[in-house]
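>>> no sequence on this one, just coordinates:
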């Protein structure tokens, strides 16, 4: 067994700003933007990526009336795993009454041979708000990369007022390049993103989000207060060009500067 990268972080905010911060191992949380009522935290993986046996966890809390945006410094990279051990990435977000969290990580780039188990879990109050995006890129198209052997499991679960309101799972195992060509899976796309907006006023944004989507995207109000969109794109550049206007429309503040670099 080779030494593996391990990282853990915990950030909590209240109406007055940061109330708790813990970080260990390869996880760092930076705060480049100072605002009176809306804090931005940038997540950094100092190991440079995730491979088999690595373990990363993050806990995010926004108490009553607080506002927090969490993003990443750059795209996360999921590298080839040696052996059967998967890399594990777990994020747990808690949002209190009348609080809001924007979970806006940049792209996760999956390389051939990657083995990843990832889960995003959100527990929010009935009147809380969540904007979340999860962009996935299957190899770097400009480098001619093809994913002929991967094992990826990616889950998202959102509970609102104690009840499950959203659950989504993505599983790709084996020759992903071949599977992604299937019209029922991705139609040849090399990148995809899920956007979830949970808020009392979510329905108001449905028509504008649909009009901003490319032909390879779709959006639905899957239940009152829960707006979901999925976008397919040939590569990360095209995907980001579609995502930024949508995230700007759903955000109540400016997007993190890392998204504009």
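Alright, I've got the coordinates. Since we're looking at a predicted model, the values are computed, not measured.
>>> Which strand or helix spans the closest residue in space to residue 169 that isn't next to it in sequence?
Nearest in space to residue 169, with sequence neighbours left out and distances taken as Cβ to Cβ, 6 or more residues apart in numbering, is residue 155 at 4.9 Å. Using the backbone N, CA and C atoms, a C-beta is placed for each residue, glycine as well. Using DSSP states H and E, residue 155 sits in strand 150-160.
>>> Which positions in that strand come out as buried?
Buried residues in strand 150-160, defined by neighbour count with 16 or more other Cβ atoms under 10 Å: 150-152, 154, 156, 158, 160.
>>> Check which helices and strands it is in contact with.
In this structure, strand 150-160 makes packing contacts with strand 115-124, strand 129-138, strand 163-174, strand 191-198, judged by 3 or more Cβ pairs under 8 Å, 6 or more residues apart in numbering; DSSP states H and E.
>>> Secondary structure of residue 206: a helix, I assume?
Yes - membership of residue 206 in a helix is supported by DSSP: H, G, I helix; E, B strand; the rest coil.
>>> Quick one: residues contacting it.
Residues in contact with residue 206, defined by Cβ atoms under 8 Å, 6 or more residues apart in numbering, are 219-221, 227.
>>> how about a cut-off of 6 Å?
Under the criterion of Cβ atoms under 6 Å, 6 or more residues apart in numbering, the contact list for residue 206 reads residue 221.
>>> okay, now residue 196: neighbour count?
Using other Cβ atoms under 10 Å, residue 196 has 25 other residues around it.
>>> For it, which non-adjacent residue is spatially closest?
residue 132 (4.7 Å).
>>> doesn't residue 102 make contact with that neighbour?
No - if you go by Cβ atoms under 6 Å, residue 132 and residue 102 don't touch, sitting 7.7 Å apart.
>>> hang on, the earlier thing: so can I have CSV of the helices and strands packed on strand 150-160 showing distance to residue 239?
Listed next are the helices and strands packed on strand 150-160 as CSV, based on distance: least, Cβ to Cβ, whole Å:
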stretch, distance to residue 239
strand 115-124, 18
strand 129-138, 6
strand 163-174, 15
strand 191-198, 4
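>>> Good, we can wrap up now.
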